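[1] output the structure for:
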Amino acid sequence: MKKTEAREQALREVPSILKIQTHAGARFFSVFWLVMRSGLRLVARQFFKEKTEWEVAIARDVLRTIGPLKGPLVKVGQFLATSGLLPSHMQDELVAITSLTNPLDRELTRAVVEGELGDKIENLFSQFELTPFSTASIAQIHRARLKSGELVAVKVQYPGVDKVIAADLRLLRLVAVTLRFATEVQNLQALIDEVSSLFLRECDFQEELRFQNFFAKTFAYRGDVIVPRVYASHSTEKVLTMDFVEGDTFPDFVSTASEELRRQAAMTIHEVTNEGIFRYGFFNIDPHPGNFLFTSKGVVFIDFGCFKEWNPEFLLTWKKMIAASLLEDLPAFVESAHRLKIFANPEDPGYEKLMHLYHNDPYLPKGPNTGRPSKEDSSKALEAISRFFFLEKGVSIPPDFVAISRVLFGTMLVIDLLKVDYDQFALTQKFHYEMFGPRLMESFKLAHKK
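    Here you go, the predicted structure:
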């Protein structure tokens, strides 16, 4: 049995659910007791020589608890499953959360599809599998065939998931009240508002359809980028129909593909991400292994529900700020960073600290670098910048940083999971030239030689 078939069989064995818990209090206590149980297991494992069994039990408990809750909590589980922050045996258990969380009851699925599309499934499709082949945080995906013959994937939103997101965001606001005592960030409310708008937009499949078409047209010139065609006639705010594309899932591809194929896939993902942000000012901000498939022709980009279009003025100011940091031009750095309102006072000494942090970013061009930054260098740079933004007195985080940081960090994580090396600096150099200009790029090289 193929791995994909095994996963679909496993999904059939996962208990279906008739409704999602939308009450904020009930969701809070579900997570609270999960944390308590995990804490007790962590304490108990200290008394045993073999600790793996206890850690696997925690991962399975997380999967059983978070899976039926859906919404943002599943995204947290997806992050933990691929972040590298947990032992591999825990991640192996949690990886199921990317495609095997509890599906809706079959009849409830039928009711949602027919209610949204306004007709019986039999009148809309010549074939429709009520058992999904994949489940995720806000929707599940079904294999079907249109009356005109096309094989399609139908994305069905869980009923009430908008209330789930609203409930989790209320909890987030409560957490933010506590965080005010643990962080120096001045604009927590603005950051939460940004996160809220991104999550809520994901519930509108008409917006996803628009962005998926936009992404497909933008990268249509690339033969290695595959985006499923969408069918507006069979799509609404809560149902999205697109071409069914055969491809290897991320785990299958990593375990079976040659090193060269994995390298080509990593380079495609890396280059398209840079091009989307730095050339066109937009991108899908939820890059994780479950959002890619792999074929002999290239990488299939799927799930465009969570996306961001950045204001051109913000991108220009951000680029100027980074360029000034690389030249260690403090007045120019302060001018740009202050436009982003990172500190209230343009003479705040925090600006100089931040400039040096950006100057030491291992991913930016500072001379004849080759290859890829080490995990250690990347982790140190990320930790230093994170500590600065959360602990430096009087700092504000520009809301646009939320999405751009998520894209860049998530993409680097996906690339790392493909387990290949390539010259990342050479790949992104053309975008650096566009971003900073030829004269500035030459200045970097000259400054490095000195």
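
[2] ranges for the helices of the stretch 1-150 of the chain?
    Remark: helices assigned in the stretch 1-150 of the chain by DSSP state H, counting those that start in this stretch are 3-13, 24-45, 52-69, 72-82, 88-94, 106-117, 121-124.

[3] show me what contacts the spatially closest residue to Ile226 that is not a sequence neighbour?
    Setting aside the residues directly before and after it, Ile226 is nearest to Val300 in space (CB to CB, 6 or more residues apart in numbering), at 4.4 Å. Any C-beta I mention is one placed from the backbone N, CA and C, and that applies to glycine too. Shown in contact with Val300 (CB atoms under 8 Å, 6 or more residues apart in numbering): 226-228, 245, 247, 292-294.

[4] and Val300, what's its pLDDT?
    If you check Val300, the pLDDT there is 97.

[5] name the element it belongs to?
    With elements taken from DSSP states H and E, the one containing Val300 is strand 299-301.

[6] what does Phe389 give?
    With DSSP H and E as criterion, Phe389 is part of helix 375-391.

[7] relative to the whole chain's centre, how far out is the next helix or strand after that helix?
    Using DSSP H and E, the helix or strand that follows helix 375-391 in sequence is helix 400-417. Chain-centre distance of helix 400-417: 7 Å, with CA atoms, centre = their mean, to the nearest Å.

[8] for helix 400-417, which positions count as buried?
    400-408, 410-415, 417 (16 or more other CB atoms under 10 Å).

[9] now do stretch 205-214
    So stretch 205-214, judged by 16+ other CB under 10 Å, has buried residues 205, 208-209, 211-212, 214.

[10] and what of stretch 55-70?
    Buried residues in stretch 55-70 (16+ other CB under 10 Å): 55-59, 61-63, 65-70.

[11] and what of stretch 346-360?
    348, 350-351, 354-355, 357-359.

[12] ok so, going back, make CSV from the helices of the stretch 1-150 of the chain and add distance to His288 and mean pLDDT to it.
    Formatted as CSV, the helices of the stretch 1-150 of the chain follow (distance: least, CB to CB, whole Å; pLDDT from 0 to 100):
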stretch, distance to His288, mean pLDDT
helix 3-13, 17, 49
helix 24-45, 21, 79
helix 52-69, 15, 79
helix 72-82, 5, 69
helix 88-94, 12, 73
helix 106-117, 24, 93
helix 121-124, 30, 96
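
[13] which one of those is the most hemmed in?
    Of all the helices of the stretch 1-150 of the chain, helix 72-82 has the most neighbours on average by mean count of other CB atoms under 10 Å, namely a mean of 21.

[14] what is the distance between stretch 103-112 and the centre of its chain?
    Worked out by CA atoms, centre = their mean, stretch 103-112 lies 27 Å from the chain centre.

[15] nearest the geometric middle of the chain, what residue?
    With distances taken as CA atoms, centre = their mean, Asp286 lies nearest the centre of the chain, 2.3 Å away.

[16] end to end, how far does stretch 387-400 reach?
    18 Å (CA to CA, to the nearest Å).

[17] so which bits of it are buried?
    388-389, 392, 395-400.

[18] low-scoring stretches of the stretch 101-250 of the chain, by residue?
    101, 175-183 (pLDDT under 70).

[19] follow-up on the earlier one: ok, and the closest non-adjacent residue to the residue nearest to the centre of the chain?
    Closest to Asp286 by CB to CB, 6+ apart is Cys306, at 4.1 Å.

[20] check the gap between that neighbour and Ala426 for me.
    Going from Cys306 to Ala426 by CB to CB, to the nearest Å gives 30 Å.
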